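S.K.: Sharing a model that was predicted from the sequence below.
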Amino acid sequence: MNRLHGKVAIVTGASRGIGGAIATALAAEGATVVGCDIHAFTSEALAECRQLDVTDEAGWMDLVNAVSETHGAPRILVNNAGVTSPESITETSLELWESITGVDQTGVFLGMRAVIPEMRAAGGGSIINISSICGAVAVPGIAAYHAAKGAVRTLTKNAAVTYAPDGIRANAILPGWIATPMTAGQSDAVNDVFLNATPLARPGTPEDIAGAVVFLASDEADFITGVDLPVDGGYLAR
């Protein structure tokens, strides 16, 4: 219950679902957690809740400066904020493409770029980027989401090899079908594609992802960097 004592964490998309579970789990393990979301929210479990549009470059810099001044250098960054949409390539407008990749891909880049200098100065840290099984394999549609989540995987590996000398680890988690407000908003047809191909034959929970994040953030994972960790009920094993 105290694996992350003394560490400062930033979690995006922290108002609900996977992000909410991650932020709460990190706090329960002793981390000082600053949860961020585009929507205003509150949580008694967290040290601070802040509004952040992850596509806003200046907003990221303001956030990291404020966190460092108030709580100390962030040693854990969880890029979790994400959006999706069902359209195929030919159905996707440029506006929709840029909206989805802006949150799911550019937001991850901006977060790492803002936090890494603080981590480096503090002697290291752990970055956990939430990708998806859809970053590894495809289903029909969701073209922009597929593209962005695939990019998150390779960008994570780039960070892992680039900043390893600075004591910074970077890993990606690939959730399978997780019962969240986002998946609840998808069609039954889309959800059934994933659930029917999940060997454990149940939806995942936000807490399933949170447990993996806590492990990767902790010293127990000190020799783990650059990995893709599926938490998917066996989906990618098929």
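M.R.: Arrived safely.

S.K.: By mean pLDDT, point me to the weakest helix or strand of this protein.
M.R.: helix 181-184 (a mean of 79; mean pLDDT, DSSP states H and E).

S.K.: now that helix, how far from the centre of its chain.
M.R.: 16 Å (C-alpha atoms, centre = their mean, to the nearest Å).

S.K.: ok, then the element right after it?
M.R.: Where DSSP states H and E defines the elements, the next helix or strand beyond helix 181-184 is helix 188-195.

S.K.: Mind listing residues that contact the next helix-or-strand element following that following helix?
M.R.: Downstream of helix 188-195, the first helix or strand assigned by DSSP H and E is helix 206-217. With contacts defined as C-beta atoms under 8 Å, 6 or more residues apart in numbering, helix 206-217 is touched by 3-4, 7, 9, 17-18, 20-22, 24-26, 29, 31, 76, 78, 126, 128, 130, 169, 171, 173, 175, 178-180, 221, 224, 229, 231. The C-beta positions use only the backbone N, C-alpha and C, and glycine is treated the same way.

S.K.: Among the residues you listed, the buried ones, what's the PyMOL command?
M.R.: Selection of buried members from the contacts of helix 206-217 for PyMOL, criterion 16 or more other C-beta atoms under 10 Å:
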select buried, resi 3+4+7+9+17+18+20+21+22+24+25+26+29+31+76+78+126+128+130+169+171+173+175+178+179+180+221+229+231
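
S.K.: mind listing which of the contacts of helix 206-217 are in helices?
M.R.: 17-18, 20-22, 24-26 (DSSP state H).

S.K.: sorry, back to before: what's the least confident helix or strand of the chain packed up against?
M.R.: Applying 3 or more C-beta pairs under 8 Å, 6 or more residues apart in numbering; DSSP states H and E, we find helix 181-184 packed against no helix or strand.

S.K.: where along the protein do the strands fall?
M.R.: With DSSP state E as the criterion, the chain has strands at 8-12, 32-37, 48-51, 74-79, 125-130, 168-175, 228-231.

S.K.: Tabulate these (JSON lines), appending distance to V139 and mean pLDDT.
M.R.: What follows is the strands of the chain, written out as JSON lines (distance: least, C-beta to C-beta, whole Å; pLDDT from 0 to 100):
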{"stretch": "strand 8-12", "distance to V139": "25", "mean pLDDT": "98"}
{"stretch": "strand 32-37", "distance to V139": "27", "mean pLDDT": "98"}
{"stretch": "strand 48-51", "distance to V139": "33", "mean pLDDT": "98"}
{"stretch": "strand 74-79", "distance to V139": "23", "mean pLDDT": "99"}
{"stretch": "strand 125-130", "distance to V139": "18", "mean pLDDT": "98"}
{"stretch": "strand 168-175", "distance to V139": "14", "mean pLDDT": "98"}
{"stretch": "strand 228-231", "distance to V139": "15", "mean pLDDT": "98"}
